[in-house]
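**Student:** Take a look and give me a structure for this.
(2 chains)
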Number of protein chains: 2
Amino acid sequence: MINAVGREIPEEILKQTGKQPFMGVHHFDGYEYKKDGPVTKCVINSEGSKLVESIHDVLVKCGIKDGMTLGFHHHFREGDYVVNMVMEEIHKMGIKDITICASSLGKAHDKLVDMIEDGTIVGIQSSGVRGKIGQAISEGKLKGLAIMRSHGGRVRAIESGEVRIDIAFIGAPTCDDYGNCRGIGGKSDCGVLSYSMVDADYADKVVAITDCLVPFPNFPAHISMTKVDYVVVVDEIGNPDKIATGAAKPTSDMRKLMMADYCTQFVVNTPYFKDGFSYQTGVGGASIASTISLAKIMKERNIRMRFGVGGLTKPMCDLLENGQVDALLDTQDFDLNAVESVINPRHFRISAGEYADPFNKGAVVNKLDFVILAALEVDVKFNCNVVVGSDGVITGAQGGHPDTAAGAKCTIVISPLLQGRIPAICTDVTTVTTPGESVDVVITDYGIAINPLRQDLIEAMKDVDLPFKTIEELRDIAYSIVGEPERVQFEDKIVGIIESRDGTVMDVVRQIKKFEFSGE
Amino acid sequence: MINAVGREIPEEILKQTGKQPFMGVHHFDGYEYKKDGPVTKCVINSEGSKLVESIHDVLVKCGIKDGMTLGFHHHFREGDYVVNMVMEEIHKMGIKDITICASSLGKAHDKLVDMIEDGTIVGIQSSGVRGKIGQAISEGKLKGLAIMRSHGGRVRAIESGEVRIDIAFIGAPTCDDYGNCRGIGGKSDCGVLSYSMVDADYADKVVAITDCLVPFPNFPAHISMTKVDYVVVVDEIGNPDKIATGAAKPTSDMRKLMMADYCTQFVVNTPYFKDGFSYQTGVGGASIASTISLAKIMKERNIRMRFGVGGLTKPMCDLLENGQVDALLDTQDFDLNAVESVINPRHFRISAGEYADPFNKGAVVNKLDFVILAALEVDVKFNCNVVVGSDGVITGAQGGHPDTAAGAKCTIVISPLLQGRIPAICTDVTTVTTPGESVDVVITDYGIAINPLRQDLIEAMKDVDLPFKTIEELRDIAYSIVGEPERVQFEDKIVGIIESRDGTVMDVVRQIKKFEFSGE
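**Tutor:** Numbers count the residues shown, from 1 in each chain, chains lettered A, B, ... in the order given. Sure thing, here's the model as predicted:
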């Protein structure tokens, strides 16, 4: 069946997953459903401690068994120790057929590939997978189907009961003996615990793993004791120095700085750029640079931001320090400056649900004026791909990309026209993760294209001195430089799906194939 | 059937309510159940406002109809305008058979009696009812059964799905146009919104009613926009000056000051009185006085309190100001000093569930060392009555009484031996609300009785110079002064039940009868 972004979703996949094909960004607006609830074991005694001696013991107490689904969060990013710690013990215990439902997985978890190969892990549900796990999935090594969900989509999947998490593990920088967790303090400070909040709300068993036990009550709790069954103290839950690894780096790349400047010029010429506007940016070099240049113009014109959202980095936190934004709403800290900013009373933690969930009564993304995003590929229908590399291998993550794009009044995607010898602007993206109807503007180093759906923005820019082009023109420039690439070749086997934030199927991901030259 | 506190619970009531008789305080410890979830209408658009013009319009939007159950909270206490405002509109619309599920109801709601009489309201579920509603229920005017629940028990009833709230109304001192509510700020400041949090979590429709609309985002939100369907702005939601009416007053009554002194002497001689202890006290004059005298001894002996819980009043907030307690955990503010203290960063808001719910993974009450409570009556099995007056009329509320009594390591009930000409210490309480197994000590102006179940406390007090007596001795003194009272006479009709915090039936309340002299 062809879905609303023109992708063929095989009937077998719809049948296997019980899902519908993607029907458009607003299809489920106003849809009513009954939320799920966890199985809860009541504590009606005054014994006063939930401490358990070891990961092994807590797994036994939680009734770990073959086929369970386990929840994890990724606030430690490349510095996470919790997933491996738990999975190694499970592996040792000989448990099989585990599904991991994580807010994201990365290179820190490369060693899980062995457990994928030996059948300990048969399912992966994640925002995406960087590193060797992505490669393994793309090579068809995972027994089940990988499901890639956005941050908002993961909350939806759990609260709708589509996914039931048997045991959730929360890496808690500080925790008391009754399970009150905080993302700040201790020796493994990650700032916030936003992605794990839905796990705590809906998992049948919730285990807090900490390396810093503090006296009760560890308040204000980011995860409440009322949702935590057990607490385990270990030596180290993560390496906070590695939080900034990978995604979050400032740039000195002239091409990125140019795109950042285009972006800022575009933003300030829209009708949304006025006192009290709201803004989110990703962690790409150009996105970060555009925040810095935007701050200058805000200062010049005496325009304040009402709130900034993220995935936060230093430039956003600087806005707060400098009094240029009233409030930061934080789901994840991409660098240690952001972690340190959390103590600012106007730097607020929000849950992944508050941030981006399409299946609640209104998330923060719906209130965004601007979001600045990156993409691996953008096609001429403005569809974006942020998960599968142009070589066909799973290599990125949805994150909040489709969530913020759907919510923001002005969604800007920054991408260099060419990623090495690969055109980033193309006729068809390898895999659709964010539908073109959510993407308003694409900024490249060769020009800027506005989505024809947004005639209002085209009108607003008619006297603005920026290198506007059609998206087809940008594609043609790319193809004229590096040639039109051969399409990546895949096996028939479907190894994963890109789930839309509303739970429908946006696209499928197939097993990679060794490239065969078409002339052969 | 006779329940665990010796009360006869008629089969008809068990059948009608689907409930079990009370089986002991810890019967459900370790019990597993699946939590309920609300029907949720998804908001996947960027329209950005949930404002609705009037109470009438919002009722229409929520699909108000005969037979619905509505949720309300009581943080404005005697100054609440919200319940009447909503119910008057419902009455005007001709809607019938409404059940009100409120965290509490009081004299502010006297005018609901007319709606009870005309069938607009057929069910009342509340912590208790002071004022004319209690009288009306006791006179048999309510069509359905009144259910009196503790604060923790109400959370349990809602999250277990036993009660489904169709529409919850949240009086919000401040709110933004997307539904983020806070209990502080604005012109009707009540400090916290703890009791309404479960309504927001589980009601199908949630309406925020505010008299102070503020810019988005109203953070940190006490109730999140993700749970709120609509926002209505009205002139006034309450009169904060009346928060302190009724329950919370300091005392100069010598008898109460003497009991407060006994209480303090008892507390400081228990093994729990040491650095880092935890403490809660009610709002009775003696309870408040005992907090003040305890503070002096804490200072003398250099003992700090780790946390205080409540229902908070000025003396508890003074402990925080004076650095004698590390943290206050707040569910309700009984006076304006407590409301003002909420901005202290160590004065934390907790939900009613975090406070007292027996059906989650561990509430704050489980961590209490001491709770100081009052009672209308205490019997020789240490059972307490805090709901039904000795004249048989419903006049009080369970509040957190059975919750804290069950959780605290040392539960102290202060009560003058005689309430006017009525013995407060008696052979059988009129109605059991808190089971004697939870009550460790009873302090009266004629002496102190320790529950024989607590041989450890009897041992700890053996050299302490306080007027210890058995509970029977106290009863006998009372009877020797005023005579043994005739038992209150009731009709057969059961008008309400006292629900135990775990959902079983603690006792029934029957319709009052005009007293007939036994000699006639």
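**Student:** Quick check: the residue nearest to the spatial centre of chain A vs A:Q280, distance?
**Tutor:** What sits nearest the mean C-alpha location of chain A, by CA atoms, centre = their mean, is A:G399, with 1.4 Å. To A:Q280, A:G399 is 11 Å away according to CB to CB, to the nearest Å. The way it works is simple: take the backbone N, C-alpha and C, and place the C-beta from them, glycine included.
**Student:** who touches both of the two?
**Tutor:** Common contacts of A:G399 and A:Q280 (CB atoms under 8 Å, 6 or more residues apart in numbering or on different chains): A:G311.
**Student:** residues touching the closest residue to A:E32 other than its chain neighbours, list them.
**Tutor:** Nearest residue to A:E32, sequence neighbours excluded (CB to CB, 6 or more residues apart in numbering or on different chains): B:K41, at 4.9 Å. By CB under 8 Å, 6+ apart, the contact list for B:K41 reads A:30-32, A:361, B:229.
**Student:** Give me the buried subset of those residues.
**Tutor:** Burial by neighbour count, judged by 16 or more other CB atoms under 10 Å in any protein chain shown, picks out A:361, B:229 from these.
**Student:** Can you tell me which of the contacts of B:K41 end up in strands?
**Tutor:** With strands taken from DSSP state E, the overlap with the contacts of B:K41 comprises A:E32.
**Student:** Among the contacts of B:K41, find me the one that's closest to B:D357.
**Tutor:** B:D357 lies nearest to A:K361 out of the contacts of B:K41, by CB to CB, at 23.1 Å.
**Student:** mind listing what's buried in the longest helix anywhere in chain A?
**Tutor:** Ordering each helix of chain A by length in residues (DSSP state H) puts helix A:285-301 first. For helix A:285-301, a neighbour-count test (16+ other CB under 10 Å) marks A:285-295, A:298 as buried.
**Student:** between those residues, which is closest to chain B?
**Tutor:** A:M298 (17.7 Å; CB to the nearest CB).
**Student:** For that closest one, give its distance to A:Y262.
**Tutor:** If you measure A:M298 against A:Y262 using CB to CB, the figure is 17 Å.
**Student:** Could you say which helix or strand holds A:P416?
**Tutor:** For A:P416, there is no host helix or strand (DSSP states H and E).
**Student:** what sits against it?
**Tutor:** Contacts for A:P416 (CB under 8 Å, 6+ apart) come out as A:255-256, A:259, A:424, A:444-445.
**Student:** Pop out the phi and psi values for the residue lying closest to A:K299 once chain neighbours are set aside.
**Tutor:** Using CB to CB, 6+ apart and skipping residues adjacent in sequence, the residue nearest A:K299 is A:Q324, 6.8 Å away. With angles defined as degrees, to the nearest 10, A:Q324 sits at phi -100, psi -10.
**Student:** Go ahead and confirm A:Y81 touches A:N239.
**Tutor:** Yes - between A:Y81 and A:N239 there is a contact under CB atoms under 8 Å: 7.2 Å.
**Student:** who's more crowded, the two?
**Tutor:** Neighbours were counted for A:Y81 and for A:N239 using other CB atoms under 10 Å in any protein chain shown; A:Y81 has more, 20 against 17.
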